[in-house]
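*Asks:* Pasting the sequence and the predicted model now:
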Amino acid sequence: MSVFKLRRLFFALALILPAIVYAEDSMIHLSLSDQTRWEYLSDQVMGGVSEGKATFEQANDQPVLRLTGKVSTANRGGFIQARTKLDASLPATTRGVILNVRGNDQTYFVHLRTNGTILPWQYYQASFEVSEDWREVRIPFSGFAPSGRLLRNSLEARSVRSLAVAAFGRDHEADLSVRTVGFY
């Protein structure tokens, strides 16, 4: 290959690579600094008996959302969660949810509500595992399942309206800390 062709190839790569890196690294972070943007909910809104709370703490000078409590499936219940609404639609190119989490060696969930989740018990759900060490979790939108037959099988990024972290579905003690949350 001639030097001229190599220079053109390197020039073309130099133009393309920053866009690829930017697309891979572009993330939409949801604020944990503004506590008023997060709402605690439990199954008590529908007669359940789960108890808990969402608090905000500091870890290494970073805000951390901590969801703690006792999840009980008694009385048709079984969840506690912290939820935030999105201010704007996500770009169509958004591929999933990213979290930095730790907790008490349990399975937790992300619940997404969309334009199509009209009823209170409708959402898209994906699970993730935590341990006592901080770890990054990436969940692609394809990993979310609808909560019922009335919802589409897959969700579109532009339709997402809220995100919740939840302890859900079984009797257990919940202790989940979230250091960062957003979309990639």
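*Replies:* On my side now, so go ahead. Residues are numbered from 1 along each chain as shown.
*Asks:* Look up phi and psi at Arg76.
*Replies:* phi 60, psi 30 (degrees, to the nearest 10).
*Asks:* That one and Gly47 touch, don't they?
*Replies:* Yes: counting by Cβ atoms under 8 Å, Gly47 is a contact partner of Arg76 at 6.7 Å. (C-beta placed from N, C-alpha, C; glycine too.)
*Asks:* any weak-confidence spans in this structure?
*Replies:* 1-25 (pLDDT under 70).
*Asks:* So which residues of it form strands?
*Replies:* For the chain, applying DSSP state E gives strands covering 28-29, 38-42, 51-59, 62-71, 79-85, 96-103, 107-114, 124-129, 135-140, 145-146, 160-168, 172-183.
*Asks:* any chance of these in JSON lines, plus mean neighbour count?
*Replies:* Below are the strands of the chain laid out as JSON lines (neighbours: other Cβ atoms under 10 Å):
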{"stretch": "strand 28-29", "mean neighbour count": "12"}
{"stretch": "strand 38-42", "mean neighbour count": "18"}
{"stretch": "strand 51-59", "mean neighbour count": "14"}
{"stretch": "strand 62-71", "mean neighbour count": "19"}
{"stretch": "strand 79-85", "mean neighbour count": "22"}
{"stretch": "strand 96-103", "mean neighbour count": "20"}
{"stretch": "strand 107-114", "mean neighbour count": "21"}
{"stretch": "strand 124-129", "mean neighbour count": "18"}
{"stretch": "strand 135-140", "mean neighbour count": "14"}
{"stretch": "strand 145-146", "mean neighbour count": "16"}
{"stretch": "strand 160-168", "mean neighbour count": "22"}
{"stretch": "strand 172-183", "mean neighbour count": "20"}
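*Asks:* Distance to Ser154 for those - can I get that in JSON lines?
*Replies:* Formatted as JSON lines, the strands of the chain follow (distance: least, Cβ to Cβ, whole Å):
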{"stretch": "strand 28-29", "distance to Ser154": "20"}
{"stretch": "strand 38-42", "distance to Ser154": "25"}
{"stretch": "strand 51-59", "distance to Ser154": "29"}
{"stretch": "strand 62-71", "distance to Ser154": "27"}
{"stretch": "strand 79-85", "distance to Ser154": "21"}
{"stretch": "strand 96-103", "distance to Ser154": "12"}
{"stretch": "strand 107-114", "distance to Ser154": "11"}
{"stretch": "strand 124-129", "distance to Ser154": "9"}
{"stretch": "strand 135-140", "distance to Ser154": "11"}
{"stretch": "strand 145-146", "distance to Ser154": "8"}
{"stretch": "strand 160-168", "distance to Ser154": "12"}
{"stretch": "strand 172-183", "distance to Ser154": "16"}
